[in-house]
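**Student:** Please find the sequence and the predicted model below.
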Amino acid sequence: MKKRQMNRDWIATARTLSEALPYLQRYDGSIVVIKLGGNAMGSDEAMDTFARDVVLMQQVGVNPVIVHGGGPMINQMLDKLDIKSDFVGGKRVTDEATIEVVEMVLSGRVNKRIVQAINAQGGKGVGLSGKDASLITCDPADPALGLVGNPSEINTSILHTLFNDDAIPVIAPLGAGRNGETFNINGDTAAGAIAAALKADRLLLLTDIDGVRDESGEVVTELTADQIRQMTREGTISGGMIPKTETALAAIDGGVRAVVILDGRAPNAVLLELYTEHGAGSLIRPR
Ligand SMILES: Nc1ncnc2c1ncn2[C@@H]1O[C@H](COP(=O)(O)OP(=O)(O)O)[C@@H](O)[C@H]1O
Ligand SMILES: CC(=O)N[C@@H](CCC(=O)OP(=O)(O)O)C(=O)O
């Protein structure tokens, strides 16, 4: 039963709702691609909150697409199997033994955990990898990285079919090569390519840090392409942040309206970003 009581909480709630209304209209029918990094996938409770937010977005008219990572989960399994793994420029050097583990972990455990969380919240999560329905075709990224792919062709038709059926695609970042190979794709790279192919309104890169930080550790709330290039040259942007900022620039070039790098561990991060004036994290958009 609703409490018919006017109190401070009620006023704050009303303010939040009225603030959300213009954003609800603005995002109606839009496409929002959300990259959920392995480090942002916390407890079961955090996963449930994330899934609830995504289902709510879908119910108010957004077409959400989830592209996930799972680097820490892959590391765990590689450790168990005693397979060594190196990263170059934030990307995993991937040989035949490694790709088997990457595919098993990403398409299996990680993908299904997210799908299940969405379905438990009343959504229609559909798990697929970039290999399904020729969603992502890859070319080798760099001979030094082995079976790491760069998306060269994206076939979005399956995603539109799913949108029409009110389903929420949950995509593992793997792709097919032109000669039948399986490629490992960095999750950010895959999300950026899909967002660009869909001309998404927003690409949200959810990670384990509150945004892109400058040399003194402050989050830069709005970043230009020139700033990103300079911070990367100087080493202020390093490791796993490199594929994120590279992705942001490529996505903007590819027609995505804005990219936000934000902390996915913060409760309701996605809803706050889309539906309130308090944007979080670092925003990158066309000049
Ligand atoms: N300038 C920077 N600002 C913020 N984080 C940075 C920066 N440079 C490097 N990083 C690192 O990038 C990490 C995020 O990348 P990563 O761990 O690959 O995330 P995810 O698993 O979510 O994809 C941060 O936790 C941080 O350690
Ligand atoms: C080529 C490459 O680096 N692929 C990544 C794919 C998973 C990923 O991107 O996971 P996070 O988003 O959690 O970092 C990897 O093997 O770890």
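**Tutor:** Perfect, thanks for sending it. Here the structure is a predicted model, which means the values were calculated and not measured. Ligands and ions are numbered 1, 2, ... in the order given.

**Student:** Tell me the residues of the stretch 51-200 of the chain that contact ligand 2?
**Tutor:** Within the stretch 51-200 of the chain, the residues that sit near ligand 2 (C-beta under 6 Å from any ligand atom) are 69-71, 74, 91-92, 102, 148, 173, 184-187. All C-beta atoms are positioned from the backbone trio N, CA, C, and that covers glycine.

**Student:** Make a markdown table from the residues you listed and add pLDDT and secondary structure to it.
**Tutor:** Formatted as a markdown table, these follow (pLDDT from 0 to 100; DSSP: H, G, I helix; E, B strand; the rest coil):
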| residue | pLDDT | secondary structure |
| --- | --- | --- |
| 69 | 97 | coil |
| 70 | 97 | coil |
| 71 | 97 | helix |
| 74 | 98 | helix |
| 91 | 93 | strand |
| 92 | 98 | strand |
| 102 | 98 | helix |
| 148 | 98 | strand |
| 173 | 98 | coil |
| 184 | 98 | strand |
| 185 | 98 | coil |
| 186 | 96 | coil |
| 187 | 97 | helix |
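
**Student:** what's the neighbour count on the residue in the stretch 51-200 of the chain that ligand 2 sits nearest to?
**Tutor:** Of all residues in the stretch 51-200 of the chain, residue 69 sits closest to ligand 2, at 1.9 Å by C-beta to the nearest ligand atom. Using other C-beta atoms under 10 Å, residue 69 has 28 other residues around it.

**Student:** which one is it nearest to, not counting chain neighbours?
**Tutor:** Using C-beta to C-beta, 6 or more residues apart in numbering and skipping residues adjacent in sequence, the residue nearest residue 69 is residue 187, 3.4 Å away.

**Student:** what's the longest helix in this structure?
**Tutor:** Ranked by residue count and defined by DSSP state H, the top helix of the chain is helix 8-26.

**Student:** pLDDT of it, averaged?
**Tutor:** In this model, helix 8-26 has a mean pLDDT of 80.

**Student:** Partner strands of the very next helix or strand once past it, with direction?
**Tutor:** The helix or strand immediately downstream of helix 8-26 is strand 31-36, counting by DSSP states H and E. Here strand 31-36 is paired, per DSSP bridges, with strand 63-68 (parallel), strand 202-207 (parallel).

**Student:** Next, see if the last one gets close to ligand 1.
**Tutor:** The one in question is strand 202-207. Yes: counting by C-beta under 6 Å from any ligand atom, ligand 1 is contacted by strand 202-207 at residue 207.

**Student:** Please identify the buried residues of that strand?
**Tutor:** For strand 202-207, a neighbour-count test (16 or more other C-beta atoms under 10 Å) marks 202, 203, 204, 205, 206, 207 as buried.

**Student:** One more: stretch 64-76?
**Tutor:** Within stretch 64-76, the residues scored as buried using 16+ other C-beta under 10 Å are 64, 65, 66, 67, 68, 69, 70, 71, 73, 74.

**Student:** Can you tell me the closest non-neighbouring residue to the residue of the stretch 151-287 of the chain found nearest ligand 1?
**Tutor:** Closest residue of the stretch 151-287 of the chain to ligand 1, C-beta to the nearest ligand atom: residue 240 (2.0 Å). Nearest residue to residue 240, sequence neighbours excluded (C-beta to C-beta, 6+ apart): residue 90, at 4.9 Å.

**Student:** Double-check that neighbour against residue 243; I have them as touching.
**Tutor:** Yes: contact criterion C-beta atoms under 8 Å: residue 90 and residue 243 qualify, at 4.6 Å.

**Student:** who touches both of those two?
**Tutor:** Residues touching both residue 90 and residue 243 (C-beta atoms under 8 Å, 6 or more residues apart in numbering) are residue 186.
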